[in-house]
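Peer 1: below: sequence and its predicted model.
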2 protein chains.
Amino acid sequence: MAGLHEVAKLSGVSKSTVSRVINNEYGVKASTKEKVQKAIDECGYVANQVARDLKLQKTNLIGVIVPRMSSNATAKGLDGLSSVIELAGKHVLLANSQQDNEKEIEYIKRFNQKRVEGILLYATHLDEALVKAIKQSAVPVVLIGQDGSLFNIPSIIHDDVGVGFNAGLRLLEAGASNIGFIGVNSQDIAVDQCRFQGLTQSLQHSRQISALFHSRGEFTIESGYQQTKQLLLDWPQLDGLFCATDRIAIGAMKAISEANKIPGKDIKVLGVGNDELGLVCTPSLSTFNYAFDLSGKKSAQVLLDLIENKQADVSKLVMSFENIFRQSC
Amino acid sequence: MAGLHEVAKLSGVSKSTVSRVINNEYGVKASTKEKVQKAIDECGYVANQVARDLKLQKTNLIGVIVPRMSSNATAKGLDGLSSVIELAGKHVLLANSQQDNEKEIEYIKRFNQKRVEGILLYATHLDEALVKAIKQSAVPVVLIGQDGSLFNIPSIIHDDVGVGFNAGLRLLEAGASNIGFIGVNSQDIAVDQCRFQGLTQSLQHSRQISALFHSRGEFTIESGYQQTKQLLLDWPQLDGLFCATDRIAIGAMKAISEANKIPGKDIKVLGVGNDELGLVCTPSLSTFNYAFDLSGKKSAQVLLDLIENKQADVSKLVMSFENIFRQSC
DNA sequence: CTCATTTCTGCAAACGTTCCCAAGGAGTGC
DNA sequence: GCACTCCTTGGGAACGTTTGCAGAAATGAG
């Protein structure tokens, strides 16, 4: 591929001059500018950004690590963050960790090698090795969805405890007293632990509550279905169900219907995430809206700030949520 | 950040030797290797991939341009393509064109500057300027979702005509004779034109058909709702509806219900895409499954081949589909 | 101990830019 | 005609690597 050198030769000027017209700096005569421009068009010159990046010590690259691409949360987050990153004239270097902790670590390292300017990490769980990798990163890392502020890692999180608390209140209000929670795995602090914690907090002082169950599965509709089926068998009194995600909740409602009970009447159901799925299913799902696109944007903004100022003025940012109460509770 | 140079100084060897240790080439004494390794750990050296890329004239970067992040098709496609790209040891450089033709062109240029090895383009419509930009790209571009084979651009497409044809057959079979089609905009060849074309082909020879309507909107549930509301007003005889996407179909069913007709009974409804939404809504939506993850994978493979072999052995690849017939038709 | 052979290491060029510095040339005022 | 300034241009170092080549050190054979 043609380089600066060839353009220079072709137009009979020096590399310096060519460079100047490319970056259209002032101080180059109109006639030479024209001459050079012609040569550029002629040999189809395309600036080599790699060489530039090396010289300028700046890549304009932001690394983004997600656990999976095709989930409501990730997709919307990606949409949000990409818009602010691209507005800032930077590019998104994307990696799919497939929820694998080691891959997350691997990508943090590789991104450092690639000299990204910062990293946005949608982590599923924060273990020692990951924290260490983040600490070792030469460029700032901001965490999305999990709270790393304990380790002094800037984090954008959703108010999972608050959601759990509100879910409890709503369930009580709706008259439920045998309440189940379907979470994911215990390593996922935000989705599993915090939401459950909020739930228990709100139920704690109520004398209406006779029992509380905690069951665990995966992030899918199918898993929600299976978990609930089992739960109904083990515990027929169940009359309120808080699911850690909307997909789980939708699976749950299916299981409930199949057990000849009416979701939203016999058993109140609540999800989290405001997935569009909850809007179209029957009965429509009561849930909590997390502004994933906004948290994506926010996290990108925090990261860009961090890159600019070299120090965080925010170590933890808790995004609020919105109650979306429909038919299921 | 510490460079090769500092490690060399610290360990008392030359840059060459350090480089050799890092790339663990044979022919370096165990004792020096150890010495160097210690120095590396000590000063926290991280290889500069930018410099490497420049020297080796190879970035291991694949540019991916999508019209939006948060759609079923894109998300699944991204999941598929990222898995094969990452398996090949390469990285995904992601750009969101926001369905803007000019941005697509802009990104093709920028990616060329970044010296990506190839580009995967989810295009919404293929106009002259875009074709020109693709032709001018120094690295191979493969198109996903739109047919560019006419312009000799390797393309991975879904069998949109086939889907339209099958939709028509199904609608006839179900006894519909006043059939509507809700598409998007006419510039979207694949989603609007091809699907409609297939539909008309299958209906052409039928004497049962009394009329066929073509209406246009956007990719959303809301748009499907509005379009259908209008359609029902204009044309009350409507008894079969083929929607270019599942989201549109779901909006359509809502409008139908509101008009006191029963979707799947009074008016047969068909969508495209096998969005999970269609599974949970009532009545469940009959649709066609496009293996978006597979087309993502395939396109990445074709691109990698193209990069490797410098010439295409496939110029067009039509992915098949699967009939998913549920309650709505 | 010497010479040949093998193993190891360092020098320096190259990748394609940017940008500092200096120098050439053209005006300008006296 | 001279000194001065301003505008335009070119030379070359630098960014951090890799790698061919040659030389140094180590090893082995006689």
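Peer 2: Good, I have the coordinates.

Peer 1: can you list the residues of the stretch 201-329 of chain A near chain B?
Peer 2: The stretch 201-329 of chain A comes close to chain B at residues A:Ile221, A:Ile250, A:Glu276, A:Leu277, A:Val280, A:Cys281, A:Thr282, A:Asp293, as judged by CB under 8 Å from any CB of the partner chain. Just so you know, the C-beta spots here come from the backbone N, C-alpha and C atoms, and that holds for glycine as well.

Peer 1: surely the last one is in contact with A:Ala75?
Peer 2: I take that to be A:Asp293. No. Judged on CB atoms under 8 Å, A:Asp293 makes no contact with A:Ala75 at a distance of 9.3 Å.

Peer 1: these two: which has the busier surroundings?
Peer 2: More crowded of A:Asp293 and A:Ala75, by other CB atoms under 10 Å in any protein chain shown: A:Ala75, with 25 against 19.

Peer 1: any of the residues of the stretch 201-329 of chain A next to chain B buried? List them.
Peer 2: A:Ile221, A:Ile250, A:Glu276, A:Leu277, A:Val280, A:Cys281, A:Asp293 (16 or more other CB atoms under 10 Å in any protein chain shown).

Peer 1: list the buried residues of the lengthiest helix in chain A.
Peer 2: Secondary structure of chain A per DSSP state H: the longest helix is helix A:292-309. Within helix A:292-309, the residues scored as buried using 16+ other CB under 10 Å are A:292-293, A:295-307.

Peer 1: closest one of the residues you listed to chain B?
Peer 2: Checking the buried residues of helix A:292-309 against chain B with CB to the nearest CB, the nearest one is A:Asp293 at 7.9 Å.

Peer 1: not counting its neighbours along the chain, what's nearest the closest one?
Peer 2: If the residues on either side of it in the chain are set aside, A:Asp293 comes closest to A:Gly80, at 3.7 Å by CB to CB, 6 or more residues apart in numbering or on different chains.

Peer 1: who are the contact partners of the one you found?
Peer 2: A:Phe292, A:Asp293, A:Leu294, A:Ser295, A:Gly296, A:Lys297, A:Ala300 (CB atoms under 8 Å, 6 or more residues apart in numbering or on different chains).

Peer 1: the last one touches A:Leu78, doesn't it?
Peer 2: No. Using CB under 8 Å as the test, A:Ala300 is too far from A:Leu78 to be in contact (10.3 Å).

Peer 1: spell out which parts of the stretch 1-150 of chain A neighbour chain B.
Peer 2: A:1, A:44, A:46-51, A:53-54, A:59, A:64, A:68-72, A:74-76, A:78-79, A:82-83, A:86, A:91-96, A:98, A:109-110, A:112-115, A:136, A:138.

Peer 1: which stretches of chain A have low pLDDT?
Peer 2: Across chain A, the ranges flagged by pLDDT under 70 are A:310, A:312-313.

Peer 1: please enumerate the strands of it.
Peer 2: Applying DSSP state E to chain A gives strands spanning A:61-66, A:91-96, A:118-122, A:141-144, A:155-158, A:178-183, A:211-216, A:240-243, A:268-270, A:287-290, A:316-319, A:321-324.

Peer 1: gap between the shortest one and the chain center?
Peer 2: Here the centre of mass of C-alpha atoms in strand A:268-270, compared against the chain's by CA atoms, centre = their mean, to the nearest Å, lies 25 Å away.

Peer 1: go on, the fifth one?
Peer 2: The gap between where strand A:155-158 is centred and where its chain is centred comes out at 9 Å by CA atoms, centre = their mean.

Peer 1: same question, the last one
Peer 2: Shown here is strand A:321-324, whose average C-alpha point lies 18 Å from the average C-alpha point of the whole chain (CA atoms, centre = their mean).

Peer 1: now do stretch A:39-53
Peer 2: 36 Å.

Peer 1: got the residues of chain A near DNA strand C?
Peer 2: A:1, A:3-5, A:15-16, A:19, A:22-23, A:45-48, A:51-52, A:54-56 (CB under 7 Å from any atom of the strand).

Peer 1: and if we set it to 10 Å?
Peer 2: A:1-8, A:14-23, A:25, A:27, A:45-58 (CB under 10 Å from any atom of the strand).

Peer 1: in the stretch 51-200 of chain A, what residue lies closest to DNA strand D?
Peer 2: Closest contact between the stretch 51-200 of chain A and DNA strand D, by CB to the nearest atom of the strand, is at A:Lys55 (3.6 Å).

Peer 1: what is the nearest of the buried ones among the residues of the stretch 201-329 of chain A next to chain B to DNA strand D?
Peer 2: Scanning these for proximity to DNA strand D, where the rule is CB to the nearest atom of the strand, the winner is A:Asp293, at 36.6 Å.

Peer 1: contact partners for that closest one?
Peer 2: Counting by CB under 8 Å, 6+ apart, A:Asp293 makes contact with A:Lys76, A:Gly77, A:Asp79, A:Gly80, B:Ser70.

Peer 1: okay, buried residues for stretch A:22-37 please.
Peer 2: Result for stretch A:22-37 [16+ other CB under 10 Å]: buried residues A:Val28, A:Thr32, A:Lys35, A:Val36, A:Gln37.

Peer 1: what does stretch A:185-195 give?
Peer 2: In terms of neighbour count (16+ other CB under 10 Å), stretch A:185-195 has its buried residues at A:Asp188, A:Ile189, A:Ala190, A:Val191, A:Asp192, A:Gln193, A:Cys194, A:Arg195.

Peer 1: closest one to DNA strand C out of these, please.
Peer 2: Nearest to DNA strand C among the buried residues of stretch A:185-195: A:Ala190, at 42.8 Å, using CB to the nearest atom of the strand.

Peer 1: now the helices for chain A?
Peer 2: Using DSSP H, helices in chain A cover A:4-11, A:15-22, A:30-43, A:49-56, A:72-87, A:101-113, A:128-136, A:160-173, A:195-204, A:221-234, A:246-258, A:277-280, A:292-309.

Peer 1: format those as JSON lines; extra columns: distance to B:Val131.
Peer 2: Converted to JSON lines, these look like this (distance: least, CB to CB, whole Å):
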{"stretch": "helix A:4-11", "distance to B:Val131": "26"}
{"stretch": "helix A:15-22", "distance to B:Val131": "26"}
{"stretch": "helix A:30-43", "distance to B:Val131": "19"}
{"stretch": "helix A:49-56", "distance to B:Val131": "24"}
{"stretch": "helix A:72-87", "distance to B:Val131": "24"}
{"stretch": "helix A:101-113", "distance to B:Val131": "34"}
{"stretch": "helix A:128-136", "distance to B:Val131": "44"}
{"stretch": "helix A:160-173", "distance to B:Val131": "48"}
{"stretch": "helix A:195-204", "distance to B:Val131": "50"}
{"stretch": "helix A:221-234", "distance to B:Val131": "41"}
{"stretch": "helix A:246-258", "distance to B:Val131": "40"}
{"stretch": "helix A:277-280", "distance to B:Val131": "38"}
{"stretch": "helix A:292-309", "distance to B:Val131": "32"}
